[in-house]
Structure formats: structure tokens, C-alpha cells
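Novice: Dropping the sequence and predicted coords here.
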Amino acid sequence: MLEVNDIILINKALNGRLLSYALLASIFSSVDYYSTTEEKIASVFRSLAKNHAFTDGNKRTAVLVLYLLCKENKLALPKDSLSLLELTLDIAEKHYEVKDIAFKLFGKK
């Protein structure tokens, strides 16, 4: 199972540096509000892309964590990298409900 320290290592490999351990750890606190695995993954993805727990590489870390969580949960990985890039940038700039992100990623609500 992916943990906070794993995410820190992923970001460190992208030349980022942790700004707030508490902010990073809080990404997992919201997953219990969602009933499906897809929504839980979407919640973590949104938190990493939007919140700035790192000095750099927040969105890249979010995408890598997304792929790892999909693999860990045996979910089909989003195939279109350009759409994923656009979605990640859009999520970072705007507000999306987790259910909408899950639908965009996995086609399920």
C-alpha cells in the first residue's frame, strides 16, 4: 500500500522538496468519505495536484501516484497522456468534485 513516505520519495526523485508533512498526510484523510476505489484514487489525485505540499513537482507527483494506485488496485490506467496532462492542469486551477474526476479518469460515477 502506498504511504506518505513513498509519495515523499516520488517527489524527491522529481527534484521537489517537502513543504508540509501535515498537508501531505491529510490527502489520505478524505478517502474515507468515498465509497468506490475509483473515487478514493480520484480524491488522492486531486489533493496532490491541487494542494502544494511540495516545493515543485506537485502535479507530476499526482500523476505518478495515480498510476501507482491504479496498478495497485488493478484498475485500467488512463491511456491518453495528453488528456491526463490537461485534466491534471485543469484540476490544479479549478474546482472539480471527486465524482467528476473519477468519471473523467475511469468512466464511472
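Specialist: Everything's here; your move.
Novice: got the phi/psi numbers for residue 92?
Specialist: Dihedral angles of residue 92 (phi, psi; degrees, to the nearest 10) stand at phi -70, psi -30.
Novice: who touches it in this structure?
Specialist: The contact partners of residue 92, taken as CB atoms under 8 Å, 6 or more residues apart in numbering, are 49-50, 58-59. The C-beta positions use only the backbone N, C-alpha and C, and glycine is treated the same way.
Novice: Go through the residues you listed and flag which are in helices.
Specialist: If you go by DSSP state H, these have 49-50, 58-59 in helices.
Novice: Could you identify which of those has the most neighbours?
Specialist: Tallying neighbours with other CB atoms under 10 Å puts residue 49 at the head of the ones in helices among the contacts of residue 92, with 25 neighbours.
Novice: Give the burial count for the closest residue to that one other than its chain neighbours, as a bare number.
Specialist: Distance criterion CB to CB, 6 or more residues apart in numbering; nearest residue to residue 49, sequence neighbours excluded, is residue 62 at 4.0 Å. Look at residue 62: counted by other CB under 10 Å, it has 25 neighbours.
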